[in-house]
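Colleague: Provided below are the primary sequence and the corresponding predicted coordinates.
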Amino acid sequence: MLRLINLKNGIATILIIGILAGLIVALVVISGCSSKKTAGKDVKMGIENFYGVWANENCELIRTARYSLLFERQKNKITVCLERFDIKNDTIIFDTRGMAIFDTTKKQVDIKAKDLIAGDELLVDSDSSRTIELPKHPCTIENRHDKLTIQCEGGKREELSIKSKNLKLKTSSGTWQELKLIEKIRPTSPYEMPAVSKDNIGICLQSWSLGTVFNRNNDQYVVGVTINTNRHAYVFYFNGMIYCRAARIRSNNNGSVFAQNIRLMSKTGEFTAYMPDNNLLVTEKSVAINDSVFNPKMCIFANADIYWSLKSFGENSIILNGCGGEDYHYERPRQDSSQLLEWFAYEEYED
């Protein structure tokens, strides 16, 4: 009888152990298959992986800590979309502040835009076909193993592969685009910019231009945003004219070389909607400077590049020879500047 009881107890113990082991395996499997929602402080750390310049054959994207500016070509149209986003607890609010659609066949542009900072008032609307929307979406970031996914109300919006550094993005046209990381940017707190000497003019031209700057019209509405990284320069602007562009730029002690790869311009006497056949091949190339091209008295057009030569400099200012007889003024930013919305870390330009 005692042997039988011990046998039954042993079988029961084995069954219990087996059940517990099964439960543990199931929990591990469930945990491994599920996604982890990034919350609170981790949201900011998660979104930092998306900061930078991204591109493919038909698109270019600059993503900062506050703004996202996307250029996309679809057949005979080039669309540019500016979004502002804010993080609240574990939610990212994507707020579309402006969108313009340039039709290369009809040579016309439709635009709808709000104040680019406040976002509370529609400032321009020429969208007679009512195809442009300026949505506002609350989204979250989910960590799925080696991928970060941005989920919004309508489903997945973006997916970033940590390993390959490729970004899949669903654009306003409903098209999925896969973009390659071209340049990483690091938003930072305001810092002391270098003063000018004859040996660091190029460093000052590059570092002083870094960050996100806004432009107001006469009524004090924000109608323009300029975003400059260590290698690229972007604009979204509407006020009397509509001007949106993506460009590469490089400076040395003789001045700056500006190479515009996407130009969208609508003003009296000009309509331009240009993007190279393969935008990726162009925008990922380093700008090559030929010092012999610089003319100390004027700007020089050299194929697709524009050479702005050094005219003069002081401790806190630099003047370049711009085009059309203009002077381009660069002022050393103060740490308490109210004009700079965002500061980026300086990184040496390397080929």
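Modeller: Thanks, I have it. Residues are numbered from 1 along each chain as shown.
Colleague: The stretch 1-150 of the chain: helices as residue ranges?
Modeller: 2-33, 41-47 (DSSP state H, counting those that start in this stretch).
Colleague: What residues does residue 227 make contact with?
Modeller: 62, 64, 67, 69, 211, 212, 233, 234, 235, 342 (C-beta atoms under 8 Å, 6 or more residues apart in numbering). For every residue, glycine as well, the C-beta is placed using N, CA and C.
Colleague: Among the residues you listed, which one has the most neighbours?
Modeller: Of all the contacts of residue 227, the most densely surrounded is residue 62 (27 neighbours; neighbours counted as other C-beta atoms under 10 Å).
Colleague: re the thing from before, pick out the shakiest of the helices of the stretch 1-150 of the chain, pLDDT-wise.
Modeller: Ranked by mean pLDDT, those bottom out at helix 2-33, which scores a mean of 40.
Colleague: now residue 308, which residues is it bridged with?
Modeller: residue 256 (DSSP bridges).
Colleague: so what's it up against?
Modeller: If you count contacts by C-beta under 8 Å, 6+ apart, residue 308 has them with 255, 256, 257, 258, 299, 320, 321, 322, 323, 328.
Colleague: Quickly name whichever of the residues you listed is closest to residue 244.
Modeller: Of all these, residue 258 has the smallest distance to residue 244: 15.8 Å, by C-beta to C-beta.
Colleague: hmm, back to that, between the contacts of residue 227, which is nearest residue 174?
Modeller: Distances from residue 174 to the contacts of residue 227, taken as C-beta to C-beta, are shortest for residue 69 (19.1 Å).
Colleague: can you put the contacts of residue 227 in JSON lines and add pLDDT and distance to residue 146?
Modeller: Shown next, in JSON lines, are these (pLDDT from 0 to 100; distance: C-beta to C-beta, whole Å):
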{"residue": "62", "pLDDT": "98", "distance to residue 146": "24"}
{"residue": "64", "pLDDT": "98", "distance to residue 146": "24"}
{"residue": "67", "pLDDT": "98", "distance to residue 146": "27"}
{"residue": "69", "pLDDT": "98", "distance to residue 146": "27"}
{"residue": "211", "pLDDT": "98", "distance to residue 146": "31"}
{"residue": "212", "pLDDT": "98", "distance to residue 146": "30"}
{"residue": "233", "pLDDT": "98", "distance to residue 146": "32"}
{"residue": "234", "pLDDT": "98", "distance to residue 146": "29"}
{"residue": "235", "pLDDT": "98", "distance to residue 146": "35"}
{"residue": "342", "pLDDT": "98", "distance to residue 146": "28"}
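Colleague: So which of these sit within strands?
Modeller: Using DSSP state E, the members of the contacts of residue 227 that fall within strands are 62, 67, 69, 211, 212, 233, 234, 235, 342.
Colleague: Enumerate every residue touching the fourth one.
Modeller: Listed by C-beta under 8 Å, 6+ apart, the contact set of residue 211 reads 227, 228, 333, 340, 341, 342, 343, 344.
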